[in-house]
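Asker: What shape does this take:
(one chain, ligands or ions: 1)
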Amino acid sequence: MAVISVRNVHKHYKRVLAVKGVGFDVEQGTCLGFLGPNGAGKSTLMKMLYGRCRPDSTPEYSINLFGHEPNRDELAIKHFSGVVPQDNNLDEELNVRQNLMVYARFYGMSRHRAQARIDELLAFMELPEKASEKIKQLSGGMNRRLVIARALLNSPRLLILDEPTTGLDPQVRHLIWDRLRRLKKQGTTILLTTHYMEEAFRLCDNLLIMHEGQKIMEGAPRALIKANIEAFVFEPMGNETVFSSPDRPLPPSVRREECLGVTRYFSDTLEDLKSLCDHVEDGQYHLRHSNLEDVFLKTTGRVLSDKQ
Ligand code: ADP
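Answerer: All right, here's what the predicted structure looks like:
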């Protein structure tokens, strides 16, 4: 059963239509990812859910989070949600523990209970020895882990993360992914925005791919690929015209696609793509499984992710 249900939301910022009629459902204990390039409308959509931004008041829209509507029950939603915004917004005058304590008090925790919960969360995010450090002394990855710890203070049923790992090194990224998977196993419902395909793949049960404010695709990551593109892709590096001459026709199963100056060859038959490899010198090619970026390129002609 869906615990989050969104129907037909729009958002204008003056003349920019940032979100255009998006809707989706989320089941409890699952992770829904919003994937798309910068400016696609992902953050705006998130902000509408946790009450940081009001949707346009079109008659037919609705947002329901665990039985509550952001317009009417903002405080109730705050109490069962944890939010990790795109910017870390920590108080630089305070140390790590103090930053968490301010929030704990906001949630009405007693000092004693807050101390215990803070210790628990610092351990969970592998920051226990940093409790007395000032924010400026923390690395980017530590800052991010602290913001996630802060979002978990009230043991939220719903965790909303706006680009949780952008700009972080792979080690920290993996740690965060592991913690998010653990939370999901414990029943936490997660919404996250990302422009990293790998993140979307590893964490999300369902994905909503956005482009220019619209939902262009929705489904489980693997299912999206299976339904929208051939299984394998061959990418020669700089030698692509060799396959276009009439005396060297492509195998019938192979589809050629040119996008942003790169030519790719797609097929469900790996052998057919392997036969192309022989014509490329010095192993200057990639032969791989298709991924979400390929689906996105096929659909929009645009690049989906910043490459890691
Ligand atoms: P994403 O999170 O996918 O990068 P955003 O939701 O931040 O996308 O932005 C969607 C569109 O709305 C962009 O064109 C952006 O410039 C615009 N936008 C976002 N926030 C504001 C704002 N506060 N005022 C005006 N325009 C905004």
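Asker: Just list whatever residues bridge to the most centrally placed residue in the chain.
Answerer: In the chain, the centroid-proximal residue (C-alpha atoms, centre = their mean) is residue 194; its distance is 2.7 Å. Per DSSP bridges, the residues bridged to residue 194 are residue 35.
Asker: Tell me who's in contact with it.
Answerer: Applying C-beta atoms under 8 Å, 6 or more residues apart in numbering to residue 194 gives the contacts 33-35, 163-166, 200. From N, CA and C alone the C-beta is placed, and that goes for glycine too.
Asker: quick one: which of these has the most company?
Answerer: Neighbour counts for these peak at residue 35, which has 29 neighbours (criterion: other C-beta atoms under 10 Å).
Asker: circling back: including pLDDT, could the contacts of residue 194 go into TSV?
Answerer: Listed next are those as TSV, based on pLDDT from 0 to 100:
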residue	pLDDT
33	97
34	95
35	91
163	94
164	95
165	95
166	90
200	92
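Asker: give me the number of residues near the residue of the stretch 101-250 of the chain found nearest the ligand?
Answerer: Nearest residue of the stretch 101-250 of the chain to the ligand (C-beta to the nearest ligand atom) works out as residue 193 at 5.9 Å. Using other C-beta under 10 Å, residue 193 is surrounded by 26 other residues.
Asker: Can you name the residues that contact it?
Answerer: Residue 193 sits next to 33-35, 42-43, 45-46, 161-163 when contact means C-beta under 8 Å, 6+ apart.
Asker: quick one: the helices in the stretch 1-150 of the chain?
Answerer: Taking DSSP state H, counting those that start in this stretch, the helices of the stretch 1-150 of the chain run over residues 42-49, 74-80, 96-106, 111-124, 140-151.
Asker: count of neighbours near residue 50?
Answerer: Residue 50: 20 surrounding residues under other C-beta under 10 Å.
Asker: Give me the distance from stretch 131-147 to the chain's centre.
Answerer: How far stretch 131-147 lies from its chain's middle: 22 Å, per C-alpha atoms, centre = their mean, to the nearest Å.
Asker: What residues of that stretch count as buried?
Answerer: By 16 or more other C-beta atoms under 10 Å, the buried positions in stretch 131-147 come out as 135, 138, 141-147.
Asker: who touches stretch 85-99?
Answerer: 43, 102, 118, 122, 127, 130-136, 138, 143-144, 146-147, 150, 162-163, 166.
Asker: Only the buried residues of it, if you could.
Answerer: Buried positions in stretch 85-99, judged by neighbour count with 16+ other C-beta under 10 Å: 85, 90, 95-97, 99.
Asker: Please apply the same query to stretch 21-37.
Answerer: For stretch 21-37, the neighbour count (16+ other C-beta under 10 Å) marks 22, 24, 26, 29-37 as buried.
Asker: do stretch 293-304 as well
Answerer: For stretch 293-304, by 16+ other C-beta under 10 Å, it's 294-298, 300, 304.
Asker: export those residues to JSON lines and tack on secondary structure?
Answerer: Shown next, in JSON lines, are the buried residues of stretch 293-304 (DSSP: H, G, I helix; E, B strand; the rest coil):
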{"residue": "294", "secondary structure": "helix"}
{"residue": "295", "secondary structure": "helix"}
{"residue": "296", "secondary structure": "helix"}
{"residue": "297", "secondary structure": "helix"}
{"residue": "298", "secondary structure": "helix"}
{"residue": "300", "secondary structure": "helix"}
{"residue": "304", "secondary structure": "coil"}
